[in-house]
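Visitor: Sequence and predicted model, in that order:
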Amino acid sequence: MLTKDAAIAANRFGLGARHGDGRAIGADPRGWLEAQLEVRSGMPPVGTPASARVLAEVLRNRGAADPGDRLLLRRYERSRAEAILAMRTVTDGLVGLFGRPGAIPSRFRNFGLNLTHRLPVIKNLLVRHAVG
């Protein structure tokens with residue numbers, strides 16, 4: 001059974017726990033979570049969301065600051081603002097495109113979906129961007 005702190009650590013960044021995380025966390029949930037944020041040899045761990053990499057960089061630059069520090073969180077929020085605005089713009093555009101009835105919007109939707117399906121390069125770029 002996971003402790004409350006271990007459960008919070010295991011659900012890092014809203015991604016949810018992976019198989020075996022409970023045993024790996026052990027008695028040091030905070031240390032385990034901080035190890036997830038560490039950047040080794042200049043490369044972030046595979047699959048690390050961009051937001052986690054930015055947070056790790058902000059924490060590293062601040063030293064051993066409290067992760068809940070208001071100024072630290074504000075710095076993190078500012079560093080993510082551009083990426084969040086870009087994603088919001090794209091998702092709002094998709095909602096607008098897919099929310100419109102009619103033949104012309106339907107043709108645009110089908111063209112874009114078919115193009116993405118036929119060109120794996122575009123699909124891979126979109127996935128890579130979404131993952132971070």
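Guide: That came in fine, so what should we check first?
Visitor: Can you report phi and psi for residue 85?
Guide: Main-chain torsions, residue 85, degrees, to the nearest 10: phi -60, psi -40.
Visitor: which residues of the protein score low on pLDDT?
Guide: 1-2, 12-19, 36-50, 62-67, 132 (pLDDT under 70).
Visitor: As a quick check, tell me the outermost residue of it.
Guide: residue 103 (35.2 Å; C-alpha atoms, centre = their mean).
Visitor: Distance-wise, check it relative to residue 112.
Guide: Residue 103 is 15 Å from residue 112, where distance means C-beta to C-beta, to the nearest Å. C-beta coordinates here come from the backbone N, C-alpha and C atoms, glycine included.
Visitor: With residue 120 instead?
Guide: 15 Å.
Visitor: Between those two, which has more neighbouring residues?
Guide: The neighbour comparison of residue 120 against residue 112 (other C-beta atoms under 10 Å) goes to residue 112, with 13 against 10.
Visitor: How about the contacts made by the more buried one?
Guide: Contacts for residue 112 (C-beta atoms under 8 Å, 6 or more residues apart in numbering) come out as residue 97.
Visitor: do that again at 10 Å, thanks
Guide: 94, 97, 122 (C-beta atoms under 10 Å, 6 or more residues apart in numbering).
Visitor: which one is residue 122 nearest to, not counting chain neighbours?
Guide: Of all residues beyond its chain neighbours, the one nearest residue 122 is residue 116 (5.3 Å), with distances taken as C-beta to C-beta, 6 or more residues apart in numbering.
Visitor: show me where the protein has helices.
Guide: 4-10, 21-25, 29-37, 50-62, 70-98, 103-118, 120-131 (DSSP state H).
Visitor: wait, doesn't residue 56 sit right on residue 79?
Guide: No. At 11.4 Å, residue 56 and residue 79 do not qualify as touching, with contact defined as C-beta atoms under 10 Å.
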